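Trainee: Provided below for reference: sequence and predicted model.
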Amino acid sequence: MTEIAKLKGKEVYQTYFITTEGEATLHKCKECSRIVRQNIGNGYANLVSHVTTMHKDDCIEKVRAFMGAAVNGTMDHFVRRSNEKAKNIFGWMDWIVQENLPLTSCENKNFRKRSNLSIMTAKTLKKYMKMVKRNVFRKIKNQAPSTYGLIIDGWSIGSVHYFAIFITWTNETRRSVEEYLIYFGENEDVDESTEFEDIADDQKHFGFTAADWFDIICIALNEVFENYTEETRININNFDSFVEFISADNCSTNAKLCNDSGVPMKGCDSHRLNLAVMEMLGPEEKRNRTGSIVQHASVMQTITQKLDRCMGALKTLKNSSLLRTKTNLKAERRNKTRWSSLYQMIRKWLKIKDKVAAVEEWPDEVLDLIPDATENRKLAEYMQKLKHFESVSKKLQGSGEKRMTVFGAREILDQLIRDHGEEFPLTAVKKDAAIIQNKYFENAIYKIQAGLEGSMDQREKNSVKIFLKPLVDNIEVGDEHEPAEEEDYADRALRVAEQQKRRRVSASKYRPTDHVSPTTNIVERANSQAKLIITDRRSSLSPDTVNMLMILKHNRSLWPSDMTIQEILDSNNFRDPEEESDSEEEEDDDHDA
């Protein structure tokens with residue numbers, strides 16, 4: 001007989017279940033809140049079956065512990081557990097935040113009918129969310145070292161401009177990179193009281209000036225670290241004492257932000273790769289005001305623009321129906337802001353070109369746009385070259401354990417230059433590119449991570465003084481890993497570089513710099529996820545609510561279970577939102593339109 005089979009039904013019932021008031025045959029599981037029907041006058045079979053099926057991993061230990069506590073004292077002395085209220089609040093929060101649902105979902109009778117969660121008003125839930133957000137910030141404050149890096153970027157939907165700020169550092173104990181979203185906001189609306197600064201357009205990025213960016217960053221940091229007095233606030237006088245670097249897009253606004261604040265900038269390598277690919281295509285056609293051509297387009301620009309127009313024509317209602325008679329694949333146009341869409345468009349065309357040629361009913365305007373044999377050959381050749389760039393682009397977009405370091409990013413970009421530099425200029429991805437805001441900082445971080453810090457000049461050393469550590473610890477060089485059987489272009493270049501680095505790495509005078517992000521892709525991913533929250537049906541969302549939802553969503557690891565809610569309920573300064581009157585500030589701003 002197994003250990004589970006030896007469990008007594010009554011002991012399982014007393015350990016795991018609470019009988020519903022007014023309904024003696026319905027019993028609620030304390031672990032998962034599931035309702036199980038059982039007439040205990042006839043036995044405990046259904047209850048035992050539920051526990052041994054849903055909670056079989058630790059049910060034996062819990063029953064023994066509970067029954068032992070019943071004899072020797074309450075179980076609360078041994079195991080701290082959350083109550084039903086905490087579980088209910090956490091359940092709604094987790095469901096709504098993770099699935100991008102309106103806050104009013106907790107009031108929707110259909111949601112409540114199909115879940116075990118009890119009723120809760122959206123206003124009350126929002127108040128608890130704000131408490132959890134404050135709890136998240138305190139965890140970041142307690143975990144963060146004295147200095148840290150920032151990753152920033154902006155984006156727009158229509159006429160509204162949004163911006164996001166991540167804080168990052170290297171956990172030296174686990175040797176892992178920590179990245180947390182601390183701010184997600186939108187540009188303020190213009191009204192009669194708005195004062196406009198006389199600043200050139202090229203000094204603005206997404207409608208922000210460098211001074212705007214600096215103010216927003218300081219507000220975010222002071223909220224996270226609870227700097228509420230003049231003595232503790234982060235400002236222009238002490239900013240560079242706390243912030244090690246800022247990772248941002250390579251634009252004049254961000255460069256001015258870093259120059260004025262005295263903090264080095266790590267430009268986004270994905271952005272530089274995009275510029276290099278655009279450079280590969282050659283110049284675009286330019287015309288003056290009279291319509292005369294002042295600059296002719298390159299051969300590849302002409303071909304790709306023609307293909308883009310062709311794909312656009314194939315996406316119309318009539319033409320797409322003709323294409324469907326030969327293939328289920330659909331035409332795909334290029335998005336100029338993302339070079340990878342050029343790769344995707346050419347790849348899709350090479351898949352459907354034979355099917356397009358098989359259609360006999362194309363109108364003349366489509367026939368004029370279909371690439372000829374020579375153009376198709378050039379597209380195929382260009383596609384082969386772009387495969388290497390696509391491999392590098394995907395590697396730069398890695399996150400988590402696959403997140404790139406400055407060393408890794410530099411190595412694979414240098415490999416592109418070695419393989420394709422003679423044919424294409426690729427000036428944007430070179431280590432001395434004019435677009436780089438602080439070459440000394442980027443070179444210094446690369447050399448530290450590559451084990452070449454002995455070759456740093458004085459200006460490079462000065463740029464990374466904030467990373468110096470007081471004591472030098474010996475670093476053990478790990479064993480080299482065997483190459484994987486299937487290894488693509490970027491993986492191979494990265495493996496060779498890592499092996500060379502391990503051979504020459506020695507004890508470093510600097511703290512780990514793995515958190516110096518070579519890209520702003522983490523912010524790009526946050527922006528993409530925000531589109532699932534800021535939809536047309538949720539147009540009434542206030543900036544504060546969007547900020548709260550985004551922070552909870554991206555910092556999910558900092559409120560992992562209902563015990564987070566229980567800690568808030570048990571805190572000395574807790575004030576129950578259900579007992580407070582609703583203020584105007586708490587007016588519901590999130591519901592389906």
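Mentor: Nice, I can see it.
Trainee: Please, which helix or strand holds K266?
Mentor: strand 265-267 (DSSP states H and E).
Trainee: Give the other helices and strands that that strand contacts.
Mentor: strand 243-248, helix 252-261, helix 439-450 (3 or more CB pairs under 8 Å, 6 or more residues apart in numbering; DSSP states H and E). C-betas here are computed from N, CA, C, even on glycine.
Trainee: Tell me which residues of the helix or strand following it come out buried.
Mentor: Toward the C-terminus, strand 265-267 is succeeded by helix 269-281 as the next helix or strand (DSSP H and E). For helix 269-281, the neighbour count (16 or more other CB atoms under 10 Å) marks 269-278, 280-281 as buried.
Trainee: So what touches the helix or strand following helix 269-281?
Mentor: As assigned by DSSP H and E, the chain's next helix or strand after helix 269-281 is strand 286-287. Contacts with strand 286-287, where a contact means CB atoms under 8 Å, 6 or more residues apart in numbering, come from 293-295.
Trainee: mind listing the helices for the stretch 251-400 of the chain?
Mentor: 252-261, 269-281, 299-314, 317-324, 340-358, 364-367, 373-396 (DSSP state H, counting those that start in this stretch).
Trainee: a markdown table please, covering those helices and showing distance to I219 and mean pLDDT.
Mentor: Shown next, in a markdown table, are these (distance: least, CB to CB, whole Å; pLDDT from 0 to 100):
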| stretch | distance to I219 | mean pLDDT |
| --- | --- | --- |
| helix 252-261 | 14 | 92 |
| helix 269-281 | 26 | 90 |
| helix 299-314 | 42 | 94 |
| helix 317-324 | 49 | 94 |
| helix 340-358 | 34 | 93 |
| helix 364-367 | 54 | 94 |
| helix 373-396 | 30 | 92 |
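Trainee: Tabulate the helices and strands packed on strand 265-267 (JSON lines), appending mean neighbour count and distance to L386.
Mentor: Below are the helices and strands packed on strand 265-267 laid out as JSON lines (neighbours: other CB atoms under 10 Å; distance: least, CB to CB, whole Å):
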{"stretch": "strand 243-248", "mean neighbour count": "25", "distance to L386": "26"}
{"stretch": "helix 252-261", "mean neighbour count": "20", "distance to L386": "28"}
{"stretch": "helix 439-450", "mean neighbour count": "23", "distance to L386": "26"}
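Trainee: Mind checking those for the one nearest to V359?
Mentor: Distance to V359, taken as CB to CB, is lowest for strand 243-248 among the helices and strands packed on strand 265-267, at 47.1 Å.
Trainee: now the angle from that closest one to helix 269-281?
Mentor: Angle of strand 243-248 versus helix 269-281, following axes from the mean of the first three to the mean of the last three CA atoms, to 10 degrees, is 40 degrees.
Trainee: So for the strand holding K266, mean pLDDT?
Mentor: Here strand 265-267 scores 95 as its mean pLDDT.
Trainee: Can you give the strand pairings for that strand, parallel or anti for each?
Mentor: strand 243-248 (parallel) (DSSP bridges).
Trainee: returning to that earlier point: so can I have TSV of the helices of the stretch 251-400 of the chain showing distance to N171?
Mentor: Below are the helices of the stretch 251-400 of the chain laid out as TSV (distance: least, CB to CB, whole Å):
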stretch	distance to N171
helix 252-261	25
helix 269-281	23
helix 299-314	45
helix 317-324	51
helix 340-358	32
helix 364-367	57
helix 373-396	23
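Trainee: Which one of these lies nearest to W155?
Mentor: Checked against CB to CB, the stretch from the helices of the stretch 251-400 of the chain lying closest is helix 269-281, at 13.2 Å.
Trainee: other SSEs contacting the closest one?
Mentor: So helix 269-281, by 3+ CB pairs under 8 Å, 6+ apart, packs with helix 299-314, helix 373-396, helix 406-420.
Trainee: now that helix and helix 299-314, what's the angle there?
Mentor: Computed by the same axes, to 10 degrees, the angle between helix 269-281 and helix 299-314 is 100 degrees.
Trainee: what's in contact with helix 269-281?
Mentor: Against helix 269-281 from outside (CB under 8 Å, 6+ apart): 249-250, 298, 300-301, 304, 338-339, 342, 386, 389, 392-393, 396-397, 409, 413, 416, 424-429, 433, 435, 518-521.
Trainee: got it, and stretch 115-130?
Mentor: With CB under 8 Å, 6+ apart as the criterion, stretch 115-130 contacts 32-35, 88-89, 91-93, 95-97, 102-104, 106-107, 111-112, 545, 548-549, 552, 565, 568, 577-578, 580, 582, 586, 588, 590-591.
Trainee: same thing but at 6 Å, please
Mentor: Stretch 115-130 is contacted by residues 33, 88-89, 91-92, 103-104, 106-107, 548, 577-578, 582, 586, 588 when judged by CB atoms under 6 Å, 6 or more residues apart in numbering.
Trainee: Which parts of the stretch 101-250 of the chain are strands?
Mentor: 148-157, 160-171, 176-186, 243-248 (DSSP state E, counting those that start in this stretch).
Trainee: Now do the shortest one: distance to the chain's middle.
Mentor: It stands for strand 243-248. On the basis of CA atoms, centre = their mean, to the nearest Å, strand 243-248 sits 17 Å off its chain's mean C-alpha point.
Trainee: and if you look at the first one?
Mentor: Going by CA atoms, centre = their mean, the spacing between the C-alpha centre of strand 148-157 and its chain's C-alpha centre is 11 Å.
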